[in-house]
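>>> Please find the sequence and the predicted model below.
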Amino acid sequence: MRVVNHPILGEDPKKRKITIYIDNKPVEAMEGDTIASALWANGIKACRYTPKNQEPRGIFCCIGRCNDCIMTVDGIPNIRSCITPVKDGMRIKTQKGNGTWEELK
Amino acid sequence: MKNIDVAVVGAGPAGLSAAIEAAKYGVKTLVIDENRQPGGQLFKQIHKFFGSQAQMAGIRGYEIGKKLLASAQMHHVQMHLNTQVIGIDETNTLAVIKDHHYSEIKARKIILCCGAAEKTLAFPGWTLPGIMGAGAAQTLVNIHRVLPGEKILMVGSGNVGLIVTYHFLQAGANVKAVIDAAHSIKGYGVHAAKIKRAGIPIMLGCTINRAIGKKQVEKAELIRVDERFNKIPSTEIQMDVDTICLAVGLSPSTELARMAGCKLYYDAKLGGYIPLINQDMQTTLEDIYAAGDMTGIEEASIAMEEGRIAGISCAVGLGYCPDTATSQRVVQNIRLNLSQLRSYKPN
């Protein structure tokens, strides 16, 4: 859920809606979101599944330190979703294990 | 290879303050930070800072951040953002990476202001999505403007736990409880009072036994502990939550100081291993200084004063302060600020 109005910070400065694709499904994001914050705003909390036990992992540190939230973004695996800004049309995959490199456009 | 007088690693409160002071004396100063935005953690601090007569008291953290950035710009501090420092060597050269490209920066003096990382707590189920650092949740709410969840449990009653709980309430989230294994509230009474007034239970002598959930956390199992933190059998209760925040302390980020070869020592009260520094914030290596949380976990207001001393010390060391009496007086005043800040205890 987004905090649109905040008693101290005022209105959310993010205004422009864009579309990103999570596992090929279109999801609404706001320009200025990170991938992780856009996912969280849409109720999606699993960024990846671990290599050995296929356990879900989500945001843990949210400042790019812990690497728990890595995803495959536009064909590149292991991208820290919590510090990577969204772009219109970005294609994001819930990463399975170590991920794989896809063909770059 | 880029050459610079002073390179500051970290654009948080300590690093910016250090760079500003050095730049005031005409020192060519560069701040390097891996984040896309400078300010460190200041922009998620939406509460007013404490302090009595010390600087910046009564101002909200993000306002302090804005002031520091404006001042850095005014004094022509250079800023390399989105740039990770991955190495440091005995020639004062920093190895950096920006957008997958490697380069080197050689500095006459280096000020390390690398901050700290959140500590964590391991319990069965702690890796489930929805369980995160309190600082992580604070980033989500105050920077990205997204609530971490609808039903939140805060683990830890220190200042971070209490302040972040209050930030959740300001953002409209439902906090079910604050718990702490300790038998007394660890943070300031003023923060705890706000939480209590909002009707949030602060459960002491209580820890988390396990987290339950499949794709994300659904329940927290709490258990009572005795004075020696042993779990008391058959006191488990379950609580419906979708978010568990861990506010269990911070640990200084000393990697670069270690790599440089600075001598470190252990101080449990200050958060663990920290570089040994003198009163000028100089490490055991002549050209390497350190300030802020990486020299011991304290408040941002203290980090700023430490940074200022480091900045001035570098300017003096490089011969930019012919009038040493004046710079010494400034440093004396900062030391006075520091001792006031360190002895300040609200109620």
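Perfect, thanks for sending it. Numbering: from 1, shown residues only, chains lettered A, B, ... in the order given.

>>> For the residue of chain A found nearest chain B, give me its contacts.
Using CB to the nearest CB, the closest approach of chain A to chain B is made by residue A:58 at 2.9 Å. Backbone N, C-alpha and C define where each C-beta goes, glycine included. With contact set as CB atoms under 8 Å, 6 or more residues apart in numbering or on different chains, residue A:58 has these partners: A:45-47, A:68-69, B:128-132, B:216.

>>> what's the answer for residue A:100, then?
By CB under 8 Å, 6+ apart, residue A:100 lies in contact with A:72, A:77.

>>> What is the neighbour count of residue 66?
The chain I'm using is chain A. Using other CB atoms under 10 Å in any protein chain shown, the number of residues around residue A:66 comes to 20.

>>> that answer is for a different chain, and I need it for chain B
Neighbours of residue B:66 using other CB under 10 Å come to 14.

>>> For it, which three-state class applies?
Using DSSP: H, G, I helix; E, B strand; the rest coil, the structure places residue B:66 in helix.

>>> Helices of the chain, residue ranges please.
Here I'm looking at chain A. Listed in chain order, the helices found in chain A under DSSP state H are A:35-41.

>>> that's the wrong chain, I meant chain B
Using DSSP H, helices in chain B cover B:13-24, B:61-74, B:134-142, B:159-170, B:189-197, B:255-260, B:300-317, B:324-343.

>>> is the shortest one up against chain A anywhere?
I take that to be helix B:255-260. No: under the criterion of CB under 8 Å from any CB of the partner chain, helix B:255-260 makes no contact with chain A; the nearest approach is 11.3 Å.

>>> Can you pull out the residues in contact with that helix?
Residues lying outside helix B:255-260 but in contact with it, judged by CB under 8 Å, 6+ apart, are B:9, B:85, B:87-90, B:110, B:112, B:114, B:264, B:275, B:283, B:285, B:288, B:290, B:294.

>>> Is there a neighbour count for residue B:155? I'd like the number.
Other residues near residue B:155 come to 24 when the count uses other CB under 10 Å.

>>> Count the neighbours of the nearest residue to residue B:104 once chain neighbours are set aside for me.
Counting by CB to CB, 6 or more residues apart in numbering or on different chains, residue B:1 is the residue found nearest to residue B:104 once chain neighbours are left out, at 4.8 Å. By other CB under 10 Å, 7 other residues sit near residue B:1.

>>> Also residue B:124?
Per other CB under 10 Å, the neighbour tally for residue B:124 reads 12.

>>> gap between it and chain A?
According to CB to the nearest CB, to the nearest Å, residue B:124 and chain A sit 12 Å apart.

>>> Would you agree that residue is in contact with residue B:211?
Yes: judged on CB atoms under 8 Å, residue B:124 makes contact with residue B:211 at a distance of 7.0 Å.

>>> Spatially central residue for chain A, please.
Among the residues of chain A, residue A:35 comes closest to the average C-alpha position under CA atoms, centre = their mean, at 2.7 Å.

>>> Give the buried residues for stretch A:18-27.
By 16 or more other CB atoms under 10 Å in any protein chain shown, the buried positions in stretch A:18-27 come out as A:18, A:20, A:22, A:27.

>>> beta partners for the third one?
If I follow you right, that is residue A:22. Per DSSP bridges, the residues bridged to residue A:22 are residue A:25, residue A:92.

>>> Got phi/psi on residue B:144?
The phi/psi pair for residue B:144 (degrees, to the nearest 10) reads phi -90, psi -10.

>>> any idea how far it is from chain A?
Relative to chain A, residue B:144 is positioned 4 Å away (CB to the nearest CB).

>>> Kindly report the same for residue B:151.
Separation of residue B:151 from chain A (CB to the nearest CB) stands at 12 Å.

>>> that older thread, can you say which two of the buried residues of stretch A:18-27 are spatially most distant?
Within the buried residues of stretch A:18-27, A:18 and A:22 form the most distant pair, 13.1 Å apart (CB to CB).

>>> Around chain B, pick out the residues from chain A.
So far as CB under 8 Å from any CB goes, chain A lies against chain B at A:1-4, A:6-9, A:12, A:14, A:33-34, A:37, A:40-41, A:45-47, A:55-65, A:68, A:82-83, A:85.

>>> Sort out which of the residues you listed are buried, if you could.
Buried residues within the residues of chain A next to chain B, defined by neighbour count using 16+ other CB under 10 Å: A:1-3, A:6, A:9, A:12, A:14, A:33-34, A:37, A:40-41, A:45-47, A:56-65, A:68, A:82-83.

>>> Restricted to strands, list the residues you listed.
Those of those mapping onto strands are A:6, A:56-57, per DSSP state E.

>>> Same list as before, those that is, but in a markdown table and with pLDDT included.
What follows is these, written out as a markdown table (pLDDT from 0 to 100):
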| residue | pLDDT |
| --- | --- |
| A:6 | 94 |
| A:56 | 98 |
| A:57 | 98 |
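
>>> can I get the residues you listed in TSV with distance to residue B:234?
Shown next, in TSV, are those (distance: CB to CB, whole Å):
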residue	distance to residue B:234
A:6	43
A:56	31
A:57	32
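
>>> What separation is there between residue A:19 and residue B:262?
According to CB to CB, to the nearest Å, residue A:19 and residue B:262 sit 49 Å apart.
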